[in-house]
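# turn this into a model:
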Amino acid sequence: MAGQPLSARRRVVTLIAMCVAQGMILLDNTIVNVALPSIQRELDVNPGNLIWVVNAYVLALASLIMVGGTLGDRYGRKRVFVVGLAIFTAMSAACALSTSESALIAARAAQGVGAALVAPLSLSIVADAYPPERRTAAIGIWAAAAGLGFGAGPVVGGILVELFSWSAVFWVNVPIGIVGLILVITGVRESRNPHARRLDLPGAVLIAAGLCVLTFAIVESEHIGWTSPTMIALLTAAGVLLVSFLVVESRVREPMVPLGLFRDSRFTVSCGVYAIMYLALASTFFFVTLFFQNVEGWSALEVGLSWLIMNTPFLIASTLAGRLSVWIGTATCWLGVLLGGLGVLALAFLTPGAGLLAASPGYVLIGAGYGMAVPTISAVAVSALPLEHSGLASGVLNSARQVGTAVGLAALGSVGLAVTRNSWAALSAQLPASAQAGAPDIVQDVSGGQGSVVAQQLGPAAQPLAESAFVDGLHVALLIGGGLMLVAAAFAFIQLRRPAVTVPTGGRAVSAQGTSEGAAS
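Alright, predicted model coming up:
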């Protein structure tokens, strides 16, 4: 509920505060990737647990982002935003101070809780501060700040790791968060929705628990075994939790995720395609970062700078996506997903000794493809539902992205690690007998692409074999990810060409081109 019009000064302060916070949240999505090899070495993290450094944050964000929006609408957006930003800032410091992998993973999960309270409210606060005639321009600036944070993450992370250490990628959030808190407390007014939905606590608990158990089972599958009683128990528990979530959502009066939203196949396919896109992208970031730093010996800064080849076409394509959708309609969706998938497949053929020139075609295709698809799919998803559900649609779509990132990284990461271990078991037979005896003991180093560490323990002859085994895992994981992207492109081609279908709730559908708010989300 908006109050009296704000002064120009307070509007500007509000916009700056939201840009700072949203840019920081998006920065954290990508800045950690280039620090993973340093974290792996300095904290002695095995590759399976390295996945949790990413997934602990993403799972918390995915599970609670809808809760954050509801809490803000009901109890005050500014109040909940301040709490979330304070948690995020404090937990960033806790991440930086971590001296063990368990402490870092726990702090990352708590950091994700703070992000889940911040992310869904920044756009609502901007919309409340600006009158309709100025709102679109303000949202455009907000979206640009978010994109800048996302794109700058690898470069900023590379510089910080190169000059200081991996902890600097978390320390950087602390001063930014403090500035954001001061701006929010002093310049942002309180607002809320008098018709906000009730908090669906059972639904939130069930979806969070279900996703965590499922992801844990997938990540640990290589150690536990798919047919073991423990694995069967974990998968059964995950299934029960997720089915219980669907049952609760179908019966409560004000569900966290109204299942009726998925009656429109355009919205359902948009969410599915979005999840697959980020499933493939998260796995690509994970494996390619380890490949270039551990196998090729690049510095974190060199890896971060190389991603400019991906980020530049992304920013150009996302800026032109609106015009492209006018010229070729929703073909922008499937064409963007197709190009992104081809980019992932191109990176799937990297081999030891490959330089930047070999990776560049994949980088360009991924950047251009995602730049075309992300804003267009957002607009299509929002346009498929009545206007009054646009905010909820954006929230569900954002959750689909985070779930795809978490579950996809767990699944493809586990597949890649399993292939690497099997390949190493075969290749290590070529080593001298004295070295073969120690080969099983360093499989974790091989799985992380740490060929130089393997050479120190088993001799120089072991390094190329270890690197070859790691690349075998990279090939299979990215081939699967790219293949799924091609399947998603086919679904987008078939399902996202039809005009929007309005669900029978009395509202009106948005135009096929969507809105600035939908594209920004």
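# low-confidence ranges in the stretch 251-400 of the chain?
387-391 (pLDDT under 70).
# confirm for me that Ala492 is in contact with Thr268.
No: if you go by Cβ atoms under 8 Å, Ala492 and Thr268 don't touch, sitting 12.0 Å apart. In short, each C-beta sits where N, CA and C put it, glycine included.
# between those two, which one's more packed in?
Ala492 (30 against 17; other Cβ atoms under 10 Å).
# tell me if that one really is in a strand.
No: remark: Ala492 does not belong to a strand; assigned using DSSP: H, G, I helix; E, B strand; the rest coil, it is helix.
# and it, what pLDDT?
Note on Ala492: pLDDT of 89.
# renumber starting at 39 from here on
Will do, 39 is the new start, and the previous item becomes Ala530.
# in which helix or strand does the residue nearest to it when sequence neighbours are not counted reside?
Nearest residue to Ala530 in three dimensions, chain neighbours excluded: Trp372, at 3.8 Å (Cβ to Cβ, 6 or more residues apart in numbering). Using DSSP states H and E, Trp372 maps to helix 369-385.
# off-centre distance for that helix?
Put simply, helix 369-385 sits 18 Å off its chain's centre (Cα atoms, centre = their mean, to the nearest Å).
# Pro169 contacts Pro43, doesn't it?
Yes: applying Cβ under 8 Å as the test, Pro169 and Pro43 come out as touching, 6.4 Å apart.
# which residue is the nearest non-sequential neighbour of Arg230?
Gly114 (5.1 Å).
# got the contact list for that neighbour?
Glu228, Ser229, Arg230 (Cβ atoms under 8 Å, 6 or more residues apart in numbering).
# Gly520 now?
Contacts of Gly520 (Cβ under 8 Å, 6+ apart): Ala318, Gly379, Leu380, Gly381, Val382, Leu383, Ala386.
# before we move on, the earlier item: got the angle between the following helix or strand past the helix holding Trp372 and helix 369-385?
Toward the C-terminus, helix 369-385 is succeeded by helix 394-421 as the next helix or strand (DSSP H and E). Counting by axes from the mean of the first three to the mean of the last three Cα atoms, to 10 degrees, helix 394-421 lies at 150 degrees to helix 369-385.
# run the chain-centre distance for helix 394-421.
Distance, centroid of helix 394-421 to centroid of chain: 14 Å (Cα atoms, centre = their mean).
# check which residues of the helix or strand just after that helix are buried.
Heading C-terminal from helix 394-421, the first helix or strand you meet, by DSSP H and E, is helix 428-465. Residues 428-459, 461-462, 465 are the ones in helix 428-465 that count as buried (16 or more other Cβ atoms under 10 Å).
# one more: stretch 366-377?
In stretch 366-377, counting by 16+ other Cβ under 10 Å, buried: Thr368, Ala369, Thr370, Cys371, Trp372, Leu373, Gly374, Val375, Leu376, Leu377.
# repeat for stretch 320-339
320-334, 336, 338-339.
# just to revisit the earlier point, counting by contacts, list what the helix holding Trp372 packs against.
helix 303-328, helix 346-366, helix 394-421, helix 500-533 (3 or more Cβ pairs under 8 Å, 6 or more residues apart in numbering; DSSP states H and E).
# specify the angle between the last one and helix 428-465 in degrees.
Helix 500-533 and helix 428-465 meet at an angle of 150 degrees, taking the same axes, to 10 degrees as the criterion.
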